[in-house]
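Q: below is the sequence, then the predicted model.
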Amino acid sequence: MPVYNQSRSRIIQVIFIVVFLLIVSQLLNLQIFSTEYKLQAENNAIYRKVIYPDRGVVYDRHGKAILENTIMYDLMVTPYETKGLDTLALCNILGIDTAEYHKRILTAIIKNSRYKPSTFEPLISDEIFARLNENMYKFPGFNIVERPVRDYPFHAAANVLGYLGEVDSSFLKKHATEGYEPGDYAGMTGLERSYEKVLMGQRGVKRYIRDNKNRIQGPYNNGIFDTVAIAGRNLYTSMDMDLQMLAEKLLQHKIGSVVAINPKTGGILAMATAPSYDPVMLTGSQRRKNFGRLILDTARPLLNRAIKGQYPPGSTYKPLSALIALDEGIITPSYGYPCSGAYYSCGRPVKCTEHWAGHSKDLRTAIAWSCNSYFSNVFRLIVDNPKYGNVRTGYLQWKHYMNAFGYGVDLNADLPGEDDGNIPDTSGYNKDFGGPRWNSCNIVTLGIGQDRMLATPLQMANAMCIIANKGYYYIPHFVDSIENETPADTQFVGRYRMKHTPLEHISNESFNIVQLGMHDVAQFGTARVAQIEGIDICAKTGTAQNPHGKDHSLFVAFAPREDPQIAICVVVENAGFGATWAAPIASLMMEQYLKDSIAAKRKPEVERIASADLVPAAIKQWYHKQDSIKLARQAQKINADAAPVFQNNLETSKQVQYDPEAEPNRKGNDDTTTVKSKPAMQTPDEKRKAKPKN
C-alpha cells in the first residue's frame, strides 16, 4: 500500500476515535455529571410546593397582638413549563401587557433559572386570585402559593414594627447559609429586621407526583422527603398600645417624636414619630406603589425621628450640667449667679427668658426657671476647672460625663439604624479656631444645650431614666422576652437585662437636689402646664434653636418623683417654646399611663392638640405642588374642549406662624402674618365675558 494511503487511513482513524471520545464524554456528562436534565426530568415528574411558615406574633405588655399574620397569595412561574400558555388571558387578568410579561419571565430565568419556580406576581389581590383560580388550566407553568403576610390590628407603630421586603441578590449572598431563596420575604426595618432570625421560622416543602399532562397524582414517595413548616417564635414587648396610639394621635399634623420608657427596666412603652404611615400600606398588592409614594414624600414618613432625628437638646440638658458640676465639686446646691436677663461675661450676651431678680439665686431655682446665665457660667466653671490644667482637658472630662449620660454614643437599642447624636470632639474646635487657642467663651452655648451638641429623643428619654434612677439605667429596648427562650437567645435579649452604672459616683444628694429643681419646673416654673392632679412630676422644658425656621419645642420628664415609672421625651419641630406643645403632650401621656385614663376635664385638651396643624409651610407647599401635578396629569386624559374648570380651593389668605422671640424684627401681629393668595384661574370664555366693552 502506498505511503500516502497509509497516512490518510490513520487520519480517518484518529477522526473516528476523537468523535467517539467526544460522544462518550458528552454522554457521561449528561448522565452522570450534569444536573440540568435531571432537574428537567424531576420537574416534569415531581411538583415541589414550598410551604411558608407563619412569622412570629408580636405582643404588647398587656398581651394584645400588635403584629400578626394573615394569608395572601403569590403567583409563581416555572419558565420551562410555560408552553401552550394563553398569554393574552393571563395579561388581561393581571392588568399588564405582553412586553411586561416577557420581561418578568426573563427576570425569573436570570434570577432563578428556567427550571425553578420564581415569583411572577407577589401578593395578588382577592379579585385577581378569584379570576386566576378559575382559569389556572389555561396557564401551564403557573401556580398559586399561599404566603402568610403581616396584619396590623391597631394600624399603628409602623416605624417600630418595620416592614417586610423581597430579598434581592445581595441579601441572598450575605445570608447564603440561612436558607433564603429568591422570592422570600425578610424583615427590612424595625423589629422585623432586628429579630428576623426569631420571627422567620423555617419553610417546609411538599413534593407531589405529576403525570404527563401536569396533573398532580399524589404525594411523592409517600411524603418521606417532605418537610414541615415551623412557625416563627413570638415576641413579648414592653409596648403599651393604648399609650402608643395616644402618642400618634397627639402628633397628628406635626413633625416630631415621642419616646416613653419604664426607667425600672429600660422597656420602651411608646415610640411615635410624625409624620408616619399606616403599616398596612406596605403589605398586599399595593405595597410597591405605596412605598414609592412614601419614599418621595418630603416630610419623610419612613424616617423614625425618635432614633434618627438629631436635635440640640436646649435647656433639657441643664439638669445634666448641674449633676456634672455638683459631682466635680464646682458648685454647691446653694450656688447662685446674679442674672439680670443675660450672660455678658463672654462679650456677646447669652439672653435669658426671665429678668426678675432672684430667679437664679441657687441651683434649684435656676433649674425651675431655666436660667441661661446660670448654666452658661456653670459650664465655663466645669471646663475651666484648674485641676485639669487647660480648657481642652477640662472639656474632654465634660465630654466623658456626657457620653456616660448616653449622649454622643449609640445606646444599642433593639431597632436598627440608631444615630449617635453629637458631642463634638476637640479636633473640631481646633480646626474652627486655627489650633488649640480656643477657650470656654468660644463654646459657651454648649452650657445651654446648643452649639454642636445634638441628641436623639431616645437619648434624651434615657438620660431622664438615669436621673430618675439616681445613676443607673437599662439599655432602652422593646422586646422583654422571646417565646421558648434558649441560651442562644442571649444574643438578642441578654444585654437588655444588665444594669448599667456609669454614673454611680454621683451622690444621691446631688441627684436629690436636681430632682427637686425639676419638680419645681412643673410646680411653679416653666412647665406649670404639665401638672397632673395627684402626681408629682419632675420635668424640664427646652426650646432648641433652629436655623431653618421656627424653634423646636422640647420637653423631658419622669414621674412620679418618689417612685418613677415613666420617663418621657417629646420633640415637636418648628413649634416654639417647650411648654407650648411638647409639655402638654407629655403630660397627657404620663396621665394615661399612670392612671390608665385621662380625666374628663382634660379630654378636650387631647382633641385641641390633635387637631393643631404645626407642619411647616414649605412642606405644605410641596404637598400642594404634588396635588397640582396629579391634577394636571388627570386633565391631560380628559377632552380638552370639555374639560371642567379647576378652581383654586385655597383660602383667600394663609396664616403663617412665627416666633417673635426668634424673629424680633419681623412685622405682623403676635403670631401670624397674612400672605395674599393668587386669584382663581379663569377660562378664555370667562375672560372674554369679563373684558369691558368699548
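A: Thanks, I have it. Everything numeric in this text was worked out from a predicted model, so none of it was measured.

Q: and P487, what is it in contact with?
A: With CB atoms under 8 Å, 6 or more residues apart in numbering as the criterion, no residue contacts P487. C-beta here means a position set from N, CA and C on the backbone, and glycine is covered the same way.

Q: state the pLDDT value of it.
A: Model confidence at P487, given as pLDDT, is 92.

Q: what's the answer for K289, then?
A: Looking at K289, the pLDDT reads 85.

Q: tell me the SS of it?
A: helix (DSSP: H, G, I helix; E, B strand; the rest coil).

Q: could you do F20 as well?
A: Applying three-state DSSP: F20 is helix.

Q: the one 5 residues further on now?
A: Assigned with three-state DSSP, S25 falls in the helix class.

Q: now do the residue nearest to N430 when sequence neighbours are not counted against F379, distance only.
A: Spatially, and ignoring its direct neighbours in sequence, N430 is nearest to P436 (5.6 Å; CB to CB, 6 or more residues apart in numbering). According to CB to CB, to the nearest Å, P436 and F379 sit 19 Å apart.

Q: who's more crowded, those two?
A: F379 (26 against 13; other CB atoms under 10 Å).

Q: which residues touch the helix or strand hosting that one?
A: Here F379, judged by DSSP states H and E, is contained in helix 372-383. Contacts with helix 372-383, where a contact means CB under 8 Å, 6+ apart, come from 315, 318, 321-322, 324-325, 328, 330-331, 336-337, 339, 341-343, 345-346, 350-353, 360, 366, 391, 394-395, 397-398, 440-441, 443-448.

Q: contacting residues around A527?
A: 521, 539-541, 555, 557, 578-579, 583.

Q: of those residues, the lowest pLDDT goes to which?
A: Within the contacts of A527, pLDDT is lowest for G578, at 84.

Q: hang on, isn't that one packed against T541?
A: Yes: between G578 and T541 there is a contact at 3.3 Å, judged by CB atoms under 8 Å.

Q: anything in contact with each of these two?
A: Counting by CB under 8 Å, 6+ apart, the contacts common to G578 and T541 are 315-316, 526-527, 554-555.

Q: tell me which of the residues you listed is nearest to Y236?
A: Nearest to Y236 among those: F555, at 29.9 Å, using CB to CB.

Q: each with direction, which strands does the helix or strand that contains that closest one pair with?
A: Assigning secondary structure by DSSP H and E places F555 in strand 552-559. Here strand 552-559 has these sheet partners by DSSP bridges: strand 538-544 (antiparallel), strand 566-572 (antiparallel).

Q: can you give the distance of it from its chain's centre?
A: Mean-position distance between strand 552-559 and its chain equals 21 Å (CA atoms, centre = their mean, to the nearest Å).

Q: can you give me the buried ones in it?
A: 552-559 (16 or more other CB atoms under 10 Å).

Q: let me know the closest of those residues to R287.
A: H552 (33.2 Å).

Q: so that closest one sits against N574, correct?
A: Yes: between H552 and N574 there is a contact under CB under 8 Å: 6.7 Å.

Q: can you pull the residues that touch both of these two?
A: Contacts common to H552 and N574, judged by CB under 8 Å, 6+ apart, are N546.

Q: among the contacts of A527, which one sits closest to K499?
A: A557 (22.6 Å).

Q: which residues in the stretch 301-450 of the chain form strands?
A: For the stretch 301-450 of the chain, applying DSSP state E, counting those that start in this stretch gives strands covering 342-343, 350-351.

Q: residue ranges with poor pLDDT in this protein?
A: In the predicted model, the chain carries pLDDT under 70 at residues 1-6, 30-44, 211-216, 622-694.

Q: burial measure for A413, as a count.
A: For A413, using other CB under 10 Å, the count is 24.

Q: I'd like the numbering to begin with 50 instead of 1 from here.
A: Noted, 50 is the first residue going forward, which turns the last one into A462.

Q: got the phi/psi numbers for it?
A: A462 adopts backbone torsions of phi -70, psi 170, taken as degrees, to the nearest 10.

Q: let me see the contact set for the closest residue to Y244 other than its chain neighbours.
A: Excluding its sequence neighbours, the residue lying closest to Y244 (CB to CB, 6+ apart) is L284, at 6.0 Å. Counting by CB under 8 Å, 6+ apart, L284 touches 105-108, 240, 244, 247-248, 528, 530-532.

Q: mark which of these are buried, thanks.
A: The neighbour-count test (16+ other CB under 10 Å) applied to the contacts of L284 identifies 105-108, 240, 244, 247-248, 528, 530-531 as buried.

Q: any idea which strand is longest in this protein?
A: strand 114-126 (DSSP state E).

Q: so after that one, what's the next helix or strand?
A: Past strand 114-126, the next helix or strand by DSSP H and E is helix 136-143.

Q: tell me the buried residues in that next one?
A: 139, 142-143.

Q: other residues contacting the helix or strand following it?
A: For helix 136-143, the succeeding helix or strand toward the C-terminus, using DSSP H and E, is helix 147-161. When contacts are defined by CB under 8 Å, 6+ apart, helix 147-161 is touched by residues 126, 128, 131, 136-137, 139-140, 145, 163, 167-169, 218, 230-232.

Q: and helix 147-161, how far out from the chain's middle?
A: 33 Å.

Q: so who does A667 touch?
A: Counted by CB under 8 Å, 6+ apart, A667 has contacts G598.

Q: am I right that it falls within a helix?
A: Yes: per three-state DSSP, A667 lies within a helix segment.

Q: return the residues in contact with L643.
A: 581, 584, 608-609, 614-615.

Q: got the buried residues for the helix or strand harbouring it?
A: L643 belongs to helix 631-644 when elements are defined using DSSP H and E. For helix 631-644, burial by neighbour count (16+ other CB under 10 Å) applies to 631-643.

Q: go on, stretch 645-658?
A: Within stretch 645-658, the residues that count as buried by 16+ other CB under 10 Å are 647, 651, 654-655, 658.
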